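Q: Would you be able to build a 3D model of this:
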Amino acid sequence: MASEYLKINRPGDLGDLETLRRQAQRLEDTSVDINKRSAFPPPEQLDIGDITGAIKPDAGPGLQVSTNLGKLEDGLRKLREQEANAKLRRLLDQAQQRIQQTQFQIAISLLDQALEIDESCAPAWLYKGQCYYTLGEFDRALELLDQALRHTPDSETRMLALRLRSACEREMSKAVEAGVVAMLRAGDLAGAARLAERAVRKQPGDTLLQYYYCVILLMMNQWAEAKVAIKAALDTAGSANVDAFQRLLQQILVAECRPQLEQVRTYLREAKPNAAIKVLESCPQELRGDDQFEALLSFAYDRIGHHTRVAQGLLPRVAQGLRTRMAQKRMREANVEVLAPELLQSLLCWLLHDELQDGVDAMSDDRFAAAQQSFLRAEQIDGRSTVVAYLHAVAVLRALEQDFGRQPPPTLDDIDARLRHAAILAAQAQRDPQMRDQTRQVAEVVGRYRQQVAEVRAHIEKVRPVYDCVKQFNTLMARYQHLAITSYPELINVEEYLQLIWTKATQLQAQHTASSEEGKVLGQLLTAIARVQQQLP
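A: Prediction:
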């Protein structure tokens, strides 16, 4: 009997996974700024945007004068009209016309002639200051305005000079601020500090420049100098900005306590919250009230309840409830507030920074299995971090996408298990409002893959009976490929077995269209059975 083998992929083979491999797509944005999310970020990681936004427009004495120059010309015109000397008045009129024509150098020459006639002529000094202000030579403009203030005959003239001086100082501040920001972005802390220091010496009442200078000193770990600068700024800062400088003093105190905080971090990572609390209680009393310090104390007390052994042997839900109540009781006794969710996530980024950084580095090198191990270690220390959950979910997906191109490919069960894990991690990360938008994309990719896996499984269930039919036929053919049928009972058995396969294949053929892959295979099978039956004696 001639062999009539039929070829068909076993359900679950590579062919059934081709859709998943073809549609595997990399996630667009998986970046997380770990340092920025951390409760205790390194000083050099302070956001430049946060520096500018921390200072509000100052309502202090030095900035009460409006910088609007709209009334300057009217005031100067009145001063010119009051000038007794006709030649001097004519020179001022000519200078004013040249200023309107933007011929500032000619105007300055005319004003110099006016000052030769009368060195105490306030309008001439004001006009000249205006020329240099418009030309952007603010240092020179300030010198001239000081002369105008020295010779002002009345309060109205003085107000004009102060208004122009205020505008001049503001423009100088903007120029210095732009230079400082550029140096900070370039990483030139020393240059930014020198520029800010010079500007503060020139304009000791400029709150924003003072704040920049103080923050830069803090970033350079020059804490003693920063304290001096902050205290000087507090003497001139308006009430709206006192809190901003006080927060800087708190940051310095936290920075000085870094060794103790690192010891606390070590104890918390080792599940020793009582030891962590003892170290915290040894820190300076001035730290009490600081948001970050209070959050860390709250976190340590919360961990006491988590690690207590009194709940061992109880059902998990009952044990967790008991631990939570014990932690809350200890926190009330210690006058410690319950940790807010946002602060909890911030502290977890600080606590798990080593594992997070290792995982991020591994992902950047496409070592997704190593990244998963790093995130797993973080979860073993504390499994509540939404940042870890998000990055872990991404690592699971990236590893799966990577494995699609390897031999042998992952099995459907393996794929399904990994996707379920990624879905659980994504759901945990989505509880954090700050991670929700980023995690939505991960959840969508996981959902799409799981839908595809479900479709592949449905296809397998549909194909499996056809595969089984072909397998039975191929097994029969393999048996008699080299053996002859030697008895009548054996011939009857072969005929009956072929008829059984024929009947089953005919029933399956009715469930599939002739143009489908299954219909084509079943047609080939029936043809092969017919040929074999013709060969039987």
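Q: so where's the protein shaky on pLDDT?
A: For the chain, the stretches flagged by pLDDT under 70 are 1-31, 41-84, 305-328, 333-334.
Q: So what's the residue count around G191?
A: Counted with other Cβ atoms under 10 Å, residues neighbouring G191 total 16. C-betas here are computed from N, CA, C, even on glycine.
Q: got the contact list for it?
A: The contact partners of G191, by Cβ atoms under 8 Å, 6 or more residues apart in numbering, come to M183.
Q: And it, how far from L208?
A: Look at G191 and L208: by Cβ to Cβ, to the nearest Å, they are 18 Å apart.
Q: Excluding sequence neighbours, find me the nearest residue to K227.
A: Spatially, and ignoring its direct neighbours in sequence, K227 is nearest to I252 (6.2 Å; Cβ to Cβ, 6 or more residues apart in numbering).
Q: got the contact list for the one you found?
A: L218, W223, A226, K227, I230.
Q: Kindly reformat those residues as TSV containing secondary structure and neighbour count.
A: Listed next are these as TSV, based on DSSP: H, G, I helix; E, B strand; the rest coil; neighbours: other Cβ atoms under 10 Å:
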residue	secondary structure	neighbour count
L218	helix	23
W223	helix	17
A226	helix	24
K227	helix	17
I230	helix	25
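Q: circling back to that earlier point, phi, psi for the residue nearest to K227 please.
A: Dihedral angles of I252 (phi, psi; degrees, to the nearest 10) stand at phi -60, psi -40.
Q: so L339 touches F299, yeah?
A: Yes. Counting by Cβ atoms under 8 Å, F299 is a contact partner of L339 at 5.7 Å.
Q: More neighbours: the two, which one.
A: When L339 and F299 are compared for neighbours, F299 comes out ahead with 24 against 21, by other Cβ under 10 Å.
Q: so which helix or strand takes in the more buried one?
A: Per DSSP states H and E, F299 falls inside helix 291-307.
Q: Could you export that helix as PDB, CA atoms only?
A: C-alpha atoms of helix 291-307 as PDB (Å, rounded to 0.1, in the frame of the first residue of the first chain):
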ATOM      1  CA  ASP A 291       6.900  67.700  54.400                       C
ATOM      2  CA  GLN A 292       9.500  65.200  53.200                       C
ATOM      3  CA  PHE A 293      10.700  64.400  56.700                       C
ATOM      4  CA  GLU A 294       7.200  63.900  58.100                       C
ATOM      5  CA  ALA A 295       6.300  61.700  55.100                       C
ATOM      6  CA  LEU A 296       9.400  59.500  55.800                       C
ATOM      7  CA  LEU A 297       8.400  59.200  59.500                       C
ATOM      8  CA  SER A 298       4.900  58.300  58.500                       C
ATOM      9  CA  PHE A 299       6.200  55.700  56.000                       C
ATOM     10  CA  ALA A 300       8.400  54.100  58.700                       C
ATOM     11  CA  TYR A 301       5.500  53.800  61.100                       C
ATOM     12  CA  ASP A 302       3.300  52.300  58.300                       C
ATOM     13  CA  ARG A 303       6.000  49.700  57.700                       C
ATOM     14  CA  ILE A 304       5.900  48.700  61.400                       C
ATOM     15  CA  GLY A 305       2.400  47.500  60.900                       C
ATOM     16  CA  HIS A 306       3.300  45.800  57.700                       C
ATOM     17  CA  HIS A 307       6.200  43.800  59.200                       C
END
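Q: which helices and strands sit right next to that helix?
A: Contacts defined by 3 or more Cβ pairs under 8 Å, 6 or more residues apart in numbering; DSSP states H and E place helix 291-307 against helix 258-269, helix 273-281, helix 316-333, helix 341-351.
Q: quick revisit: overlap of the contact sets of L339 and F299?
A: Both L339 and F299 are contacted by L347, under the criterion Cβ under 8 Å, 6+ apart.
Q: Now do the domain split for the protein, please.
A: 34-40+348-453, 72-170, 256-347, 456-535 (automatic domain parsing).
Q: For A186, which of those domains is the nearest?
A: domain 34-40+348-453 (18.6 Å; Cβ to Cβ).
Q: picking up where we left off before, quick check: angle from the helix holding F299 to helix 273-281?
A: Using axes from the mean of the first three to the mean of the last three Cα atoms, to 10 degrees, one finds that helix 291-307 and helix 273-281 are set 160 degrees apart in direction.
Q: List the buried residues in helix 291-307.
A: 292-306 (16 or more other Cβ atoms under 10 Å).
Q: repeat for stretch 258-267
A: Buried residues in stretch 258-267, counting neighbours by 16+ other Cβ under 10 Å, are found at Q260, L261, Q263, V264, R265, Y267.
Q: before we move on, back to that, turn the domains of the chain into JSON lines, including distance to N241.
A: Below are the domains of the chain laid out as JSON lines (distance: least, Cβ to Cβ, whole Å):
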{"stretch": "domain 34-40+348-453", "distance to N241": "23"}
{"stretch": "domain 72-170", "distance to N241": "16"}
{"stretch": "domain 256-347", "distance to N241": "18"}
{"stretch": "domain 456-535", "distance to N241": "62"}
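Q: among those domains, which is nearest V242?
A: Smallest distance to V242 across these (Cβ to Cβ): 15.4 Å, for domain 256-347.
Q: Need the distance between the two termini of the closest one.
A: Chord length of domain 256-347, first to last residue, is 19 Å (Cα to Cα, to the nearest Å).
Q: Okay, helices next: where are they in the stretch 51-200 of the chain?
A: 72-82, 86-100, 104-117, 122-135, 138-150, 155-185, 189-202 (DSSP state H, counting those that start in this stretch).
Q: what's next to the fifth one, contact-wise?
A: Contacts of helix 138-150 with the rest of the structure, by Cβ under 8 Å, 6+ apart, involve 122, 125-126, 128-130, 132-133, 157-158, 161-162, 164-165, 168-169, 171-172, 175, 202.
Q: Verify the stated contact: P465 with Q509.
A: No. P465 lies out of contact with Q509 (Cβ under 8 Å); the separation is 11.1 Å.
Q: just so I have it, where are all the helices in the stretch 301-450 of the chain?
A: Using DSSP H, counting those that start in this stretch, the helices of the stretch 301-450 of the chain run over 316-333, 341-351, 353-364, 368-381, 386-403, 412-429, 436-479.
Q: Packed most tightly, which of those would that be?
A: Among the helices of the stretch 301-450 of the chain, ranked by average contacts under mean count of other Cβ atoms under 10 Å, first place goes to helix 386-403 (a mean of 24).
Q: now the angle between helix 368-381 and that helix, please.
A: 150 degrees.
Q: Convert helix 386-403 to CSV, retaining C-alpha atoms only.
A: Once non-C-alpha atoms are left out, helix 386-403 reads as follows in CSV (Å, rounded to 0.1, in the frame of the first residue of the first chain):
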residue,chain,number,x,y,z
THR,A,386,3.3,52.5,40.6
VAL,A,387,6.5,53.6,38.8
VAL,A,388,8.0,50.1,39.3
ALA,A,389,4.7,48.5,38.2
TYR,A,390,4.6,50.6,35.0
LEU,A,391,8.2,49.9,34.1
HIS,A,392,7.8,46.2,35.0
ALA,A,393,4.8,46.0,32.7
VAL,A,394,6.8,47.7,29.9
ALA,A,395,9.7,45.3,30.4
VAL,A,396,7.3,42.3,30.2
LEU,A,397,5.9,43.5,26.9
ARG,A,398,9.3,44.3,25.5
ALA,A,399,10.7,40.9,26.4
LEU,A,400,7.7,39.3,24.8
GLU,A,401,8.1,41.3,21.6
GLN,A,402,11.8,40.4,21.6
ASP,A,403,11.0,36.7,22.1
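Q: Cool, thanks, signing off.
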